[in-house]
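# Here is the input, now give the coordinates:
(2 chains)
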Amino acid sequence: MGLRVYDTKRREKVDFSTIEPGKVSMYVCGVTVYDYCHLGHARCYLSFDLIHRWLESSGYDVNYIQNFTDIEDKIIKRSIEIDEDWRALVGRFIDAYFEDMDALNILRADSYPRCTDYVEEMIEIIEDLIQKNHAYIANDGVYFDVHSAPEKYGILTGQSIDAVLEGAGGRVGSTGSGKRDHKDFALWKEGKEGEPSWSSPWGDGRPGWHIECTAMSLATLGDQFDIHGGGHDLRFPHHEAEIFQTECHTGKHPMVHHWLHNGFVNIDGEKMSKSLGNFWTIRDILEKVPALTLRMALINAHYRSPIDMNEQIINDAIKNIGRIHDTYKLLLENLSEDPIQLPRGDLSSMLPLPKSIGLLEKIAEDFARAMDDDFNSREAVSKLIAGSKELTKVVNQISGDDQKAYATMGVLWMEELAGEVLGLLPTREEALLKPETDPRREAISQEVEELLRQRTIARDGKNWAEADAIRDKLSQIGVTVTDTADGPVWELA
RNA sequence: GCACGGGUGUCAGAGCGGCUAUGAGCGGGACUGCAGAUCCUGAAACCGGAGUUCAAAUCUCCGUCCGUGCUCCA
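You can find the predicted model right below:
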């Protein structure tokens, strides 16, 4: 069974197909760069990172485009507020975007077009739409006339063009713009004094929000492409506007073969959003939670389900990622003199324990089936944990060459599933990093070692009270002691 | 109001016609002086009602509750 995806437009899971065999063209709406990214952005780009990774892992050649909206009302507003040139502001937050996403181990898209580089294309499209009577010039800009293509209304959200008027409550009619109908949307906005603007046949101004994605997807992926993604809230009006513009301009239908939308991050059961003021930026969270743990927390739900962010989700993620990292480390420590030199590659080369290997292969198949089922990362994680348990159990039961061979296989197994596909593994170097290299640890190392020596003496003399007292003392300075077969090991809390 | 998603054990969260989800937490057990880690193992669930079916958490209908969209928002 091949890959199936839930298509927002068709409202069901459908077999995934591509326009060109073996290749996937994918466009995901990017951020408007006027502030730091919040958890919701993390979830969105993480969802599409997973999709990106799984498609590549399935053998597709993926062309992944993600834009930056670098001119927009909020950018202008912010730039005036903090008295910073809008270009500088935008540059700053694009840099911040990459820092945050790199930290979360999100692979880079193939290209990141910025809408200000496509203003000419937008103007051409708008001119064409006016010529084809899909758009009209008003006193304050150019608008798309939704009644010129009523069959395209509500394609993603199931709303009929007539129903919208009724429900929009008191907001309807108060647009104050040159729109003929409140459902029409701006293609070009007349510029105001002192604002960034571009010249156009309709005077100086700037593009509307929706037209940019049309211009950039057309320029980078063509008239029709395989996947268009974004947050759930973008279905309407943004993505529906794109359909209007693009299809009316090119005359081709459908512009997109699979519409994919990720679910939201909620805080205490409510949508996290800037307007509600209950949002956390990625960098706020990364001060408290390691990046891969956050990644685990967000992957641990299906990408379309809402996630209610709370402490328990993080605690679960700490346990889960800890188990996976522990197993990975254990395997690395057992495989050979120099684990770093181990070639990456096929995992079926050495087979000391056919039964366990068979089980792991079965788990890997289940894992693939889960990912093929609309990228069910939650299910995939549960398979990964099952495999992780099996590896830990077996590698501890055997020794010698068998153990080395098995551990080698295990490392490759984990690097494929946990590493390449889910992006949850640190590098081999990081996984093996001895805690002594932590500078905070360095500082108290001598004192701790001395206390541990005393405790070992006490324990040898079965003087448990004293041994425990020393352990308590250590825990007061933030040191956790764990006794192992090779003696006590300590780490900072 | 209209549209779209949902309501699964203590919690988080898969499954979406028959078969153990999984993780945390809780209960046993092994190993440990104890603790931790690890391994083995137990209890525990499908919002309410009706229907379809040999069989329903899974399909249909009704009810109910929650979230989201209809306005800038990933």
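
# excluding its backbone neighbours, what's nearest the residue of the stretch 1-150 of chain A found nearest RNA strand B?
Residue nearest to RNA strand B within the stretch 1-150 of chain A: A:G40 (2.3 Å; C-beta to the nearest atom of the strand). Placement of C-beta: from N, CA and C, glycine included. Leaving aside its chain neighbours, A:G40 sits nearest to A:V265 (4.8 Å; criterion: C-beta to C-beta, 6 or more residues apart in numbering).

# Verify the stated contact: the one you found with A:P306.
Yes - counting by C-beta atoms under 8 Å, A:V265 does reach A:P306; the two are 7.4 Å apart.

# So between the two, which is more surrounded?
A:V265 (24 against 16; other C-beta atoms under 10 Å).

# Show the pLDDT at that one.
At A:V265, the model reports a pLDDT of 89.

# Likewise for A:K179?
Looking at A:K179, the pLDDT reads 84.

# Might you report the residue contacts of it?
A:138, A:143 (C-beta atoms under 8 Å, 6 or more residues apart in numbering).

# Check the gap between it and A:K9 for me.
For A:K179, the distance to A:K9 equals 26 Å [C-beta to C-beta, to the nearest Å].

# do A:W188 as well
Taking C-beta to C-beta, one finds A:W188 at 27 Å from A:K9.

# which intervals of chain A have sub-threshold pLDDT?
A:1, A:163-177, A:268-269, A:336-352, A:434-437, A:493 (pLDDT under 70).

# contacting residues around A:Q245?
Listed by C-beta under 8 Å, 6+ apart, the contact set of A:Q245 reads A:125, A:129, A:144, A:187, A:210-211, A:214.

# and it, that's in a helix?
Yes - using DSSP: H, G, I helix; E, B strand; the rest coil, the assignment for A:Q245 is a helix.

# returning to what we had before: who has more neighbours, A:W188 and A:K9?
Taking neighbours as other C-beta under 10 Å, A:W188 and A:K9 compare with A:W188 leading, 26 against 21.

# Need the single longest helix in chain A, by residues.
Criterion DSSP state H: the longest helix present in chain A is helix A:311-335.

# Please identify which helix or strand holds A:S356.
helix A:354-372 (DSSP states H and E).

# Show me what that helix is packed against.
Counting contacts by 3 or more C-beta pairs under 8 Å, 6 or more residues apart in numbering; DSSP states H and E, helix A:354-372 is packed against helix A:377-397, helix A:400-414.

# Buried residues, whichever helix or strand comes after the last one. List them.
If you walk from helix A:400-414 toward the C-terminus, the next helix or strand you reach (DSSP H and E) is helix A:428-432. Taking 16 or more other C-beta atoms under 10 Å as the neighbour-count basis, helix A:428-432 is seen to contain the buried residues A:428, A:431.

# Check which helices and strands helix A:428-432 sits against.
helix A:311-335.

# Which other helices and strands does the helix it packs on contact?
Judged by 3+ C-beta pairs under 8 Å, 6+ apart, helix A:311-335 is in contact with helix A:291-299, helix A:377-397, helix A:400-414, helix A:428-432.

# so which of the ones you listed comes closest to RNA strand B?
Taking C-beta to the nearest atom of the strand, helix A:377-397 is the member of the helices and strands packed on helix A:311-335 nearest to RNA strand B, at 3.5 Å.

# can the closest one be found next to RNA strand B?
Yes - for helix A:377-397, a contact with RNA strand B is found by C-beta under 7 Å from any atom of the strand, at A:378-379, A:381-382, A:385-386, A:389, A:392-393, A:396.

# What residues sit buried inside that helix?
Residues of helix A:377-397 classed as buried: A:377, A:379-388, A:390-392, A:394-395 (neighbour count, 16+ other C-beta under 10 Å).

# quick one: which of those is nearest A:R455?
Using C-beta to C-beta, A:T392 is the member of those that lies nearest A:R455, at 27.9 Å.

# hang on, the closest one packs against A:L330?
Yes - contact between A:T392 and A:L330 holds when scored by C-beta under 8 Å: they sit 6.2 Å apart.

# just to revisit the earlier point, now distance to A:T18 too, for the helices and strands packed on helix A:354-372, in TSV please.
Shown next, in TSV, are those (distance: least, C-beta to C-beta, whole Å):
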stretch	distance to A:T18
helix A:377-397	22
helix A:400-414	29
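
# Mark which of the contacts of A:Q245 are part of strands, please.
A:144, A:187 (DSSP state E).

# could you dump the contacts of A:Q245 to TSV with distance to RNA strand B?
Formatted as TSV, these follow (distance: C-beta to the nearest atom of the strand, whole Å):
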residue	distance to RNA strand B
A:I125	18
A:L129	18
A:F144	12
A:L187	13
A:H210	8
A:I211	12
A:T214	14
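
# Out of the contacts of A:Q245, which two sit at the greatest distance?
The farthest-apart pair in the contacts of A:Q245, when distances are taken by C-beta to C-beta, is A:L129 and A:H210, at 11.7 Å.

# any common contacting residues for the two?
With C-beta under 8 Å, 6+ apart, A:L129 and A:H210 have common neighbours A:187, A:245.

# Could you report the distance from A:F375 to A:E190?
A:F375 is 43 Å from A:E190, by C-beta to C-beta.

# more neighbours, those two?
Neighbours were counted for A:F375 and for A:E190 using other C-beta under 10 Å; A:F375 has more, 25 against 19.

# quick one: what helix or strand has A:R206 in it?
strand A:205-207.

# Give the other helices and strands that that strand contacts.
strand A:185-190.

# The strand it packs on pairs with which strands?
Strand A:185-190 has the following strand partners under DSSP bridges: strand A:141-144 (antiparallel), strand A:205-207 (antiparallel).

# mind putting those strands in a markdown table, mean neighbour count included?
Output for these, formatted as a markdown table (neighbours: other C-beta atoms under 10 Å):
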| stretch | mean neighbour count |
| --- | --- |
| strand A:141-144 | 24 |
| strand A:205-207 | 24 |
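
# Please name the nearest non-neighbouring residue to A:A241.
Nearest one to A:A241, counting by C-beta to C-beta, 6+ apart, is A:H210 at 3.7 Å.

# how's chain A carved up into domains?
Per automatic domain parsing, the domain ranges recorded for chain A read A:19-286, A:317-432, A:436-492.

# next one: the shortest one to chain centre, how far?
Mean-position distance between domain A:436-492 and its chain equals 40 Å (C-alpha atoms, centre = their mean, to the nearest Å).

# Same question for stretch A:246-263.
Centroid separation for stretch A:246-263 versus its chain: 22 Å, with C-alpha atoms, centre = their mean.

# Determine the number of other residues adjacent to the residue of the stretch 1-150 of chain A closest to RNA strand B.
By other C-beta under 10 Å, the residues close to A:G40 number 25.

# name the element it belongs to?
Using DSSP H and E, A:G40 maps to helix A:39-57.

# Tell me if stretch A:410-424 is near RNA strand B.
No - in terms of C-beta under 7 Å from any atom of the strand, no part of stretch A:410-424 sits within range of RNA strand B; the closest distance is 12.8 Å.

# how about that stretch as CSV, C-alpha atoms only?
Listed next in CSV are the C-alpha coordinates belonging to stretch A:410-424 (Å, rounded to 0.1, in the frame of the first residue of the first chain):
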residue,chain,number,x,y,z
GLY,A,410,20.8,-1.2,15.7
VAL,A,411,22.6,2.1,15.2
LEU,A,412,21.8,2.0,11.5
TRP,A,413,18.2,1.1,12.2
MET,A,414,17.8,4.0,14.6
GLU,A,415,19.5,6.4,12.4
GLU,A,416,17.1,5.6,9.6
LEU,A,417,13.9,5.8,11.5
ALA,A,418,14.6,8.1,14.4
GLY,A,419,17.2,10.1,12.6
GLU,A,420,16.5,10.6,9.0
VAL,A,421,12.7,10.3,9.0
LEU,A,422,11.7,11.8,12.4
GLY,A,423,14.8,14.0,12.9
LEU,A,424,15.0,13.1,16.6
